[in-house]
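mind folding the following:
(one chain, ligands or ions: 2)
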Amino acid sequence: MKHIKNICCIGAGYVGGPTMTVIANKCPEIDVTVVDINARRIADWNSENLNELPVYEPGLPELIKETRGRNLFFSTEVDAAIDKADMVFISVNTPTKTYGKGKGQAADLKYIELCARNIAKVATTDKIVVEKSTLPVRTAQAIKNILDNTGNGVNFEILSNPEFLAEGTAIDDLLNADRVLIGGDETESGQEAKNALSWVYEHWLPKERVLQTNVWSSELSKLVANAFLAQRVSSINSISALCEKTDANVAEVSRAIGFDSRIGPKFLNASVGFGGSCFQKDILNLVYIAKSFGLPEVADYWEQVILMNDYQKRRFAENIITTLYNTVSGKKIAFYGWAFKKDTNDTRESAAIYVADALLEEQAEIVVYDPKVTAERIYADLDYLGTRTSEENRRLLTVVTDPLEAIQNAHAVAVLTEWDEFKSYDWAAIFEAMLKPAFVFDGRRILDSEKMDTLGFKYYKIGES
Ligand SMILES: NC(=O)C1=CN([C@@H]2O[C@H](COP(=O)(O)OP(=O)(O)OC[C@H]3O[C@@H](n4cnc5c(N)ncnc54)[C@H](O)[C@@H]3O)[C@@H](O)[C@H]2O)C=CC1
Ligand SMILES: O=C(O)[C@H]1O[C@H](OP(=O)(O)OP(=O)(O)OC[C@H]2O[C@@H](n3ccc(=O)[nH]c3=O)[C@H](O)[C@@H]2O)[C@H](O)[C@@H](O)[C@@H]1O
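Ligands and ions are numbered 1, 2, ... in the order given. Below is the predicted model:
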């Protein structure tokens, strides 16, 4: 088997950056170059100050320090890196389409196609092209057509190698992956390519955890894994609403069902709703694919996971409004957290955005504190919705860097992200500084009900009456 010596990864984002850092760190004999058309991102990846990396992930700065400049490089020289590589990962974004056929559901593959055309244009030697981005089932065929028809007579082998890392735990997930999935052709050259990629992962993972399948199973499995995970969250969130009506406690229900080894304890935390760049996008994509293949019942089944998530976000915002005597107009509401989960600076599809939008529609004044998210990002998230002008967003919502400043004279605190630091705050001091009655709406179930009641708060915890 020919061993890989040079890897290029197109796309230096939340997946490309951490994934390639781990590969380079564990495979010192392979040169890994991560390229991107976004020059600022590349400059940030090359920053001397490791706090300025574009992606916040525990453990990442240490690995970058050890590996960058040794056999890990970040560059804007896309063409040169592609040509030099014997294996090219495509790790660009595949957002939901916002225009044309499939708008609002299908994955937008324009960045993928641009990559394929670029590889075809500049490649002068044979290459293994690896789909790292999450793609609709049968995309490999389109990539192959582009490569084979516009290429320079070189051979391309296409593999699907979806990524299963979760943000906030990316490094640990990569180092201790439950499994790595590699899909490829069942031809001799396809098998060789699969083995070449398996060899890369076997530098640090046991062989049994590297699963090989055909390309279509691999592409589809990625969408299905995310759909199943999101389905669990929507399932428990639906039950949280029922718990609030019946005096059952959602934590007790989760624990009781999670003890059943067939159900298992993970991914049963009720919350204000799932966010992140992928759950919604990938389920919508699955829904679109099912519809395209004439399977409306399958499409409707999975769409319900998204509808339940929308309901949960709306329910949380409406509960704040009704509890605050049916009006939040002019009332100061402090948001603790804006990221879609703890330990990441990523805010894509964060529930906080939609809860804020609903409250701003009611003329609430929101003050946001998040330990890792910038004001620039928060305003960009709101402006993107297009509900009101950017001036209005800046007038009604402010962003602070001190959690205590956020709650001065506030009517309520809404906990939107489960950052650990929120648990250890001096909640007695927070109570003192707030207007009375002081309300706390815990969308992450991280605070102690008894303690909050004793301190005098009107405390609402999702999934408890
Ligand atoms: N964010 C996550 O945790 C996970 C994401 N995925 C999938 O991985 C893919 C990438 O996701 P993220 O890393 O989050 O996206 P991202 O948006 O953080 O990064 C994508 C990068 O690709 C670059 N790019 C786009 N077109 C390019 C081109 N033609 N040439 C060079 N660079 C180009 C963009 O400038 C951007 O920096 C998506 O398909 C996503 O569904 C899969 C597993 C986990
Ligand atoms: O394809 C992707 O992008 C990735 O999507 C998810 O990872 P991620 O979105 O980073 O984070 P998760 O830990 O899955 O959380 C997603 C959302 O669900 C919420 N969640 C999760 C678990 C839970 O029990 N309750 C709950 O509300 C989180 O707060 C978060 O908003 C998957 O877990 C990864 O395997 C996958 O690779």
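
list the contacts for residue 67?
Going by C-beta atoms under 8 Å, 6 or more residues apart in numbering, residue 67 touches 21, 24, 25. Where C-beta positions appear, they are placed from N, C-alpha and C, glycine not excepted.

can I take it that the last one is in a helix?
Read that as residue 25. Yes - checked against DSSP: H, G, I helix; E, B strand; the rest coil, residue 25 lies within a helix.

give the buried residues for stretch 422-435.
By neighbour count with 16 or more other C-beta atoms under 10 Å, stretch 422-435 contains the buried residues 422, 427, 430, 431, 434.

how about the residues you listed in a markdown table, adding distance to ligand 2?
Formatted as a markdown table, the entries for the buried residues of stretch 422-435 read as follows, by distance: C-beta to the nearest ligand atom, whole Å:
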| residue | distance to ligand 2 |
| --- | --- |
| 422 | 14 |
| 427 | 22 |
| 430 | 23 |
| 431 | 26 |
| 434 | 26 |
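
mind listing which of those are in helices?
Secondary structure assignment (DSSP state H) places 427, 430, 431 from the buried residues of stretch 422-435 within helices.

what's the separation between the first one and residue 336?
In this structure, residue 427 and residue 336 are 11 Å apart, going by C-beta to C-beta, to the nearest Å.

what count of nearby residues applies to residue 444?
In terms of burial, residue 444 registers 24 neighbours under the definition other C-beta atoms under 10 Å.

right, and it touches residue 270 too?
No - with contacts counted by C-beta atoms under 8 Å, residue 444 stays clear of residue 270, the gap being 9.2 Å.

who touches both of these two?
Residues touching both residue 444 and residue 270 (C-beta under 8 Å, 6+ apart): residue 462.

rewinding a little: ok, of the ones in helices among the buried residues of stretch 422-435, which one's closest to residue 99?
Distances from these to residue 99 were compared by C-beta to C-beta; the smallest belongs to residue 430, at 45.1 Å.

packing partners of the lowest-mean-pLDDT helix or strand in the chain?
When each helix and strand of the chain is scored by mean pLDDT, DSSP states H and E, helix 139-150 comes last, with a mean of 87. Counting contacts by 3 or more C-beta pairs under 8 Å, 6 or more residues apart in numbering; DSSP states H and E, helix 139-150 is packed against helix 110-122, strand 127-131, strand 156-160, helix 215-246.

want to throw the ones you listed into TSV with mean neighbour count and mean pLDDT?
As requested, the helices and strands packed on helix 139-150 are arranged in TSV below (neighbours: other C-beta atoms under 10 Å; pLDDT from 0 to 100):
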stretch	mean neighbour count	mean pLDDT
helix 110-122	18	94
strand 127-131	25	96
strand 156-160	24	95
helix 215-246	19	97
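
which stretch among the ones you listed comes nearest residue 390?
The stretch from these with the least distance to residue 390 (C-beta to C-beta) is helix 110-122; that distance is 26.2 Å.

return the distance of the closest one from the chain's centre.
Counting by C-alpha atoms, centre = their mean, to the nearest Å, helix 110-122 is centred 24 Å from the centre of its parent chain.

mind checking if it is in reach of ligand 1?
Yes - using C-beta under 6 Å from any ligand atom, a contact is recorded between helix 110-122 and ligand 1, made by 111, 114, 115.

against residue 121, how distant is the last one?
Between residue 115 and residue 121 the distance is 11 Å, computed by C-beta to C-beta.

in the protein, what residue lies closest to ligand 1?
Nearest residue of the chain to ligand 1, counting by C-beta to the nearest ligand atom: residue 13, 1.9 Å away.

mind checking the SS state of that residue?
Quick answer, by three-state DSSP: residue 13 is coil.

residue contacts, it?
Taking C-beta under 8 Å, 6+ apart as the definition, contacts of residue 13 comprise 36, 41, 54, 55, 91, 92, 93.

could you do residue 414 as well?
When contacts are counted by C-beta under 8 Å, 6+ apart, residue 414 touches 316, 320, 333, 334, 335, 336, 355, 440, 441, 443.

over to residue 222?
134, 135, 160, 162, 163, 164, 181, 282.

how about the residues of the protein by ligand 1?
By the criterion of C-beta under 6 Å from any ligand atom, the positions of the chain lying close to ligand 1 are 10-16, 35-38, 41, 78, 91-94, 111, 114-115, 133-134, 163, 165, 167, 277-278.

recalculate using a threshold of 5 Å.
Counting by C-beta under 5 Å from any ligand atom, the positions of the chain adjacent to ligand 1 are 10-11, 13-15, 36-38, 41, 92-94, 111, 114-115, 133-134, 163, 167, 277-278.

and ligand 2, which of those residues contact it?
Under the cut-off given by C-beta under 5 Å from any ligand atom, ligand 2 has 167, 278 from those close to it.

list buried residues within the residues of the chain next to ligand 1.
Applying 16+ other C-beta under 10 Å to the residues of the chain next to ligand 1, the neighbour count classes 10-11, 13-15, 36, 41, 92-94, 111, 115, 133-134, 163, 167, 277-278 as buried.

tell me which residues touch residue 431, please.
Under the criterion of C-beta under 8 Å, 6+ apart, the contact list for residue 431 reads 438, 455, 456, 457.
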